Each structure stands twice: as structure tokens, then as C-alpha cells.
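**Q** from the sequence below, what's the structure:
(2 chains)
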2 protein chains.
Amino acid sequence: MAESFDASVAFTDPEYRQAVVDLLGVIAYGEISAFERLVEDAKLAPTLEDKFALATMASAEFSHVHGLNDRIRSFGGDPFEAMAPFREAIDGFHAHTAPADWYEGLVKAYVGDGLASDFYREIAAYLDPDTRDVVLSAMDDTQHSVFVVDRVRKAIGADPRLGGRLALWGRRLMGEALTQAQRVAADRDALTALLAGGVDRPGLDLAALGRMFARLTERHSKRMAELGLDP
Amino acid sequence: MAESFDASVAFTDPEYRQAVVDLLGVIAYGEISAFERLVEDAKLAPTLEDKFALATMASAEFSHVHGLNDRIRSFGGDPFEAMAPFREAIDGFHAHTAPADWYEGLVKAYVGDGLASDFYREIAAYLDPDTRDVVLSAMDDTQHSVFVVDRVRKAIGADPRLGGRLALWGRRLMGEALTQAQRVAADRDALTALLAGGVDRPGLDLAALGRMFARLTERHSKRMAELGLDP
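**A** All right, here's what the predicted structure looks like:
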């Protein structure tokens, strides 16, 4: 983050407030929705132990929602009203990316979650420090990646064709995520204005936005490579 | 508990060890299974806020599993092997009690969970103190009942016929739970031997077992009454 944030602005600028409530709402609904889908996808697990591991990831996502909801309330918002505008886009993402098997579910958990996490971390740089902390701690789930990487790499080792299918799947996840993110951006002016900044707030110009997307894509490719998949 | 437990027995008596691993396994699988079903049933919620409340109950159940698994390991057992013998009975219970609507789901969460909780609390009296603490803390979820009682009472107030249907539903839940519990008892000798006690362990005679079932039934009736339902 190049510029510093004037913390007093957070509660006095109504546009900023709306943007933050929007942002926390979309993150919270994303976590609830990811939780539901992970529990659903855990049914595909080959063993009870694997099911338990995925359900543990799901529960970790869910546990973040409470902090996000509290922060929405501290801005005078209602958490469930704040989530409502984003249900269609997020439900749409999941409807278009229902995993066909256990491994597609694992890749989705890892790649989808990683993408969302990177994106919100980038945006966190444009938030007041307290909100930033809430957002960053909601993204804290690195302990689960070892399990997914291990399972996917072993499965590809045993069946190389699976690697080709999962590589395509990873690209589809990226495409669907971008499609839905664009829908949200087009709908929610306050949220896009957040990135543009304001008089007392740092923001992104088009060149910086381009660099941000380059970083997101690069990290996505790294994650695919960790799983043993062509980006 | 009338008699005291000689704690040194816990790790030296192989029959007791097998019984405790069985008991912790059935409780753990019960929690995982309840978690999955609650998340599934949460889809029936009329609002996102209600869905979130039920998913919060689900996550609380799930969080207990880690402690149960750790205790199974401390007895030299493998948690997932310990759960395996009970999957059929517990899955059977859920297959026979799939809620037809949101309110049946709420009553099931409240009444089913309460029954299991009462039963394991009774059994906890026959355990070594450390295992007893693990079991009792896995049963600790009283904070959720306010939500369920409020929602069910309001719905019955608005539609008294619903009360009749839910009262029947509560009785079916009790019947299905007893059926599956009997199946488990018939299959797992170590587990039933736990209740009978041993040289250095307190146990239940038939009269005491009868009183225990009377207490369970009475508490079930109380829970039904709290929901505004005929027991």
C-alpha cells in the first residue's frame, strides 16, 4: 500500500461506509456459500477421514462470518441485508462450478478459495485499519492447503489423464470467478468506487488495476503448479 | 454417580479401553453426521438469517469432533476406524428422519440432539474423569435452544395444525433413535459391557437401567413441551 488511510474517514464518509458494508457482505456471503458447498462436496470423499478434512476446511470458512457480521453492525449495517445483493452472483458461480467428482471438489476448494482470498487481500489495502484486520483474518486458512496438495498430486501420479482434466477445470474456475466478479462490479457502484479511492482515501488508477490483475493471475498459476497442474 | 471410578483402570483394562473407543467413535460420527444433516436442512430455511443460525448450530457440533478424536488417539485408537462400525446405524437414523420442511428440521435438531446429549451424559457417569470431561464438553450446546424454541412456538401460534404434525414427528424421532440405539447395543458387546460395569468400575443393574430410560423419556417430554408440542 503506497498511501496511508485517514482512519477518521471510515465512519464519516457515507460512500465509504456503503462500500465497506457491501464488501463485508459479499465476503460473508461468499464464506457461508463456500461452507455449504464444501460440506456438500465432502459427500464425494473416498474415506471418512477425507470427508472430515474437507468438513474441517468448511467449518474454518464459516467461523469467519461472525467477525465480518460484527464489523458490518459496527458500521450500522444489517449483515443479512448486506449479503442479499450478492447471493445471485455467488450462487451462480457455484451453480456453474458443481464438481463432478472428489478431485474437482478439492481443486475448487483450493483454487477458488485462493483466488477469492488473494482478491480480498488486495482490496484490504484500501480499507481503514480495523476493517482491514477483520478482512485479513477472514482470509487466514493456510493450514488446509497441505491436505489438498497431497491428495491431488497423489491422484495425478496414479492417473496422469486426471491432471489434464483438472487443469481445464482450474481454468474454468478462474473464468467463472471473473465473470461473476464483473457482474458484481457492474451492479455495485459503491464497491467499484472503493477501488477508485477518494479525496482522503488511496485508490487505484487503471495501470495499478492492471498490475493487480496480473498479480492475481500469477498467484493462480502458482497454485495450479503446486497441485501439479498446467496453469 | 454413586460409586467412584478408579482412574488407573482406564488404560489397563482392555475391555474398558475398547468400550471407550467405541463410545467416543459413535459420539464423533454422530456429531459429523449431525453436522452434515443440519447443513443440508439449513437449505430449507425461510431466510438467510435463519440459515445462518442453523449452520452455526451445525458448526458447533462439528467443533467437538476434534476433542473426541484426540481422546480416541490417547487410548491408542484410530478415530476413523472407531467411527466405522456406527455409520450404518447413524446413517440409517438420518435416512429415516429426513425433515419434510424447515420446522421438522428445527424440531429434529432440537429433540434429536437433546436425546443424544442426555443419553451420553448418563453414560458419562461410568467413564474415567478425563474421558468424562471430553464427552460432557462435546454435549455443551445449550445456547442454541432459544432460537429453535422461538421459531417453532411462533410457527405453531400462526398455524395450530402444524403443532399436531410436529408432535407426531417428535414421537417418530424418539422411536427411530431407540431403534438404532438397540441395533448398536446388540452389535457392540464392549459398549453394553461398559454400562454393566466391572470389578473396579461402577455399573448399572436392570433396575438402574430402567430408571435411566425413565429419565431420558421425561426429559424428551419436557423438550417437546418447551417447543409447545404434546409429548
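
**Q** A:Glu226: how many residues sit nearby?
**A** Around A:Glu226 there are 16 other residues, counting by other C-beta atoms under 10 Å in any protein chain shown. For the C-beta atoms, the positions are set from N, CA and C on the backbone; glycine is no exception.

**Q** pretty sure it sits against A:Val148.
**A** No - using C-beta atoms under 8 Å, A:Glu226 is not in contact with A:Val148; the gap is 9.2 Å.

**Q** got a pLDDT number for the closest residue to A:Arg223 other than its chain neighbours?
**A** Nearest non-adjacent residue to A:Arg223, counting by C-beta to C-beta, 6 or more residues apart in numbering or on different chains: A:Gly114, 4.9 Å away. pLDDT, A:Gly114: 91.

**Q** likewise for A:Pro79?
**A** Value listed for A:Pro79 in the pLDDT field: 98.

**Q** next, count neighbours for it.
**A** With other C-beta under 10 Å as criterion, A:Pro79 counts 23.

**Q** tell me which residues touch it, please.
**A** A:24-25, A:28, A:68-69, A:72-73 (C-beta atoms under 8 Å, 6 or more residues apart in numbering or on different chains).

**Q** PyMOL command for the buried members of the residues you listed?
**A** To isolate the buried members of the contacts of A:Pro79 in PyMOL, using 16 or more other C-beta atoms under 10 Å in any protein chain shown:
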select buried, chain A and resi 24+25+28+68+69+72
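
**Q** leaving out sequence neighbours, find the closest residue to the spatially most central residue of chain A.
**A** For chain A, the residue sitting closest to the mean C-alpha position, by C-alpha atoms, centre = their mean, is A:Ala116 at 2.0 Å. Leaving aside its chain neighbours, A:Ala116 sits nearest to A:Gly30 (6.1 Å; criterion: C-beta to C-beta, 6+ apart).

**Q** what's the first helix or strand after the one helix or strand that neighbour maps to?
**A** Counting by DSSP states H and E, the element that carries A:Gly30 is helix A:14-42. Downstream of helix A:14-42, the first helix or strand assigned by DSSP H and E is helix A:48-63.

**Q** one step back: state the mean pLDDT of the helix holding A:Gly30.
**A** Here the average pLDDT along helix A:14-42 is 93.

**Q** alpha carbons only: can I get the helix or strand the residue nearest to A:Arg223 falls within in PDB?
**A** Under the criterion DSSP H and E, the helix or strand holding A:Gly114 is helix A:113-124. The C-alpha coordinates for helix A:113-124 follow below in PDB (Å, rounded to 0.1, in the frame of the first residue of the first chain):
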ATOM      1  CA  ASP A 113     -10.700 -20.100  -2.200                       C
ATOM      2  CA  GLY A 114      -7.200 -19.000  -3.100                       C
ATOM      3  CA  LEU A 115      -8.500 -16.600  -5.800                       C
ATOM      4  CA  ALA A 116     -11.100 -15.000  -3.600                       C
ATOM      5  CA  SER A 117      -8.600 -14.700  -0.800                       C
ATOM      6  CA  ASP A 118      -6.000 -13.000  -3.000                       C
ATOM      7  CA  PHE A 119      -8.600 -10.600  -4.400                       C
ATOM      8  CA  TYR A 120      -9.900  -9.600  -0.900                       C
ATOM      9  CA  ARG A 121      -6.300  -9.200   0.400                       C
ATOM     10  CA  GLU A 122      -5.600  -6.800  -2.500                       C
ATOM     11  CA  ILE A 123      -8.700  -4.800  -1.700                       C
ATOM     12  CA  ALA A 124      -7.900  -4.800   2.000                       C
END
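
**Q** close to chain B: what parts of chain A are there?
**A** Chain A comes close to chain B at residues A:29, A:32, A:35-36, A:39-40, A:42-43, A:47-49, A:51-52, A:55-56, A:59, A:62-63, A:65, A:80, A:83-84, A:87, as judged by C-beta under 8 Å from any C-beta of the partner chain.

**Q** repeat that for 10 Å
**A** A:28-29, A:32, A:35-36, A:38-40, A:42-43, A:47-52, A:55-56, A:58-63, A:65-66, A:69, A:78-81, A:83-84, A:87 (C-beta under 10 Å from any C-beta of the partner chain).

**Q** how about the helices of chain A, start to end?
**A** Counting by DSSP state H, chain A has helices at residues A:9-12, A:14-42, A:48-63, A:65-74, A:79-83, A:87-96, A:102-107, A:113-124, A:129-138, A:145-158, A:160-187, A:189-196, A:206-226.

**Q** could you flag which of the residues of chain A next to chain B are buried?
**A** A:28-29, A:32, A:35-36, A:38-40, A:42, A:48, A:50-52, A:55-56, A:58-63, A:65, A:69, A:79-80, A:83.

**Q** the nearest residue to A:Arg188 once chain neighbours are set aside and B:Ala45, how far apart?
**A** Computed as C-beta to C-beta, 6+ apart, the closest residue to A:Arg188 that is not its neighbour in sequence is A:Asp22, at 5.5 Å. Applying C-beta to C-beta, to the nearest Å, the value for A:Asp22 to B:Ala45 is 23 Å.

**Q** more neighbours: which of the two?
**A** Set A:Asp22 next to B:Ala45 and count neighbours by other C-beta under 10 Å: A:Asp22 wins out with 25 against 18.

**Q** look up how far chain B lies from the more buried one.
**A** Counting by C-beta to the nearest C-beta, to the nearest Å, the gap from A:Asp22 to chain B is 16 Å.

**Q** so what's that residue up against?
**A** Under the criterion of C-beta atoms under 10 Å, 6 or more residues apart in numbering or on different chains, the neighbours of A:Asp22 are A:72, A:77, A:82-83, A:85-86, A:184, A:187-194.

**Q** what about 7 Å?
**A** A:Asp22 makes contact with A:82, A:188, A:190-191 under the criterion C-beta atoms under 7 Å, 6 or more residues apart in numbering or on different chains.

**Q** which of those tops the neighbour count?
**A** Ranked by the number of neighbours (other C-beta under 10 Å), the contacts of A:Asp22 place A:Ala82 first, at 25 neighbours.

**Q** just checking, A:Tyr126 touches A:Pro202?
**A** Yes - applying C-beta atoms under 7 Å as the test, A:Tyr126 and A:Pro202 come out as touching, 6.1 Å apart.

**Q** of those two, who's got more company?
**A** Between A:Tyr126 and A:Pro202, A:Tyr126 has the larger neighbour count (other C-beta under 10 Å), namely 24 against 15.

**Q** separation between A:Ile32 and B:Ala45?
**A** 11 Å.

**Q** just give me the neighbour total for the residue nearest to A:Leu229 when sequence neighbours are not counted.
**A** Closest residue in space to A:Leu229, ignoring its immediate chain neighbours: A:Ala167 at 4.4 Å, by C-beta to C-beta, 6+ apart. Neighbourhood size, A:Ala167 [other C-beta under 10 Å]: 17.
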